[in-house]
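A.B. asks: what follows is a predicted protein model with its sequence.
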Amino acid sequence: AWQYLGDHLDGSARLQIKAHNVNDARKTRIIYKRGDISIKAVSVHHGPIPAVAYRVNIGNKSITFSGDMNGDYHTLEILAKSTDILVAHNAVPKGTTGVAANLHMTPSIIGQIAQKAQPKRVILSHRMLRTLGREKETLSEIHKHYTGSVKFANDKSYYRVK
């Protein structure tokens, strides 16, 4: 963990975090369960940098977070299957190649994953300068594959899980 979060792991903070290694086996793993709350994690491809996607289930509702990834492992669509909300990172625009494409999903990949997972809706987060102002193009690329609801997350946005 980052140094400024160290007290969450050593037992001195109010919120205790129990660290779990999620290896690159590409299998979904339950990392937390208490009552009707569970959290699942799976390894996702983010170039040479380890990354994890999460699904939080509370009762019969769920939110899945892609994290930074490019889709090469094909694990997110399994984790996010029929989730209420898929929060997907929109860090790169259509046509991205090279290192950035090895780290992040293009809008077309987001659409392909959403089409396979069939979430009730997609919220695009982690928007960067290179994607801002390209919302119409981004939606067009996503909707070539996924016809459901897609929204852009903004600071202070909130979304009700229905």
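C.D. replies: That came through fine.

A.B. asks: for the rest of this, base every contact and every neighbour count on C-alpha atoms.
C.D. replies: Fine.

A.B. asks: so which strand or helix has Glu141?
C.D. replies: Element membership of Glu141 [criterion: DSSP states H and E] is helix 135-143.

A.B. asks: gap between the helix or strand that that helix is followed by and the chain center?
C.D. replies: Following helix 135-143 in sequence order, the next helix or strand is strand 149-152 (DSSP H and E). Offset of strand 149-152 from its chain centre (C-alpha atoms, centre = their mean, to the nearest Å): 14 Å.

A.B. asks: which helices and strands sit right next to strand 149-152?
C.D. replies: strand 121-125 (3 or more C-alpha pairs under 8 Å, 6 or more residues apart in numbering; DSSP states H and E).

A.B. asks: give me the angle between the strand it packs on and helix 135-143.
C.D. replies: 140 degrees (axes from the mean of the first three to the mean of the last three C-alpha atoms, to 10 degrees).

A.B. asks: quick one: mean pLDDT for strand 121-125?
C.D. replies: Strand 121-125 shows a mean pLDDT of 98.

A.B. asks: which parts of it are buried?
C.D. replies: Arg121, Val122, Ile123, Leu124, Ser125 (16 or more other C-alpha atoms under 10 Å).
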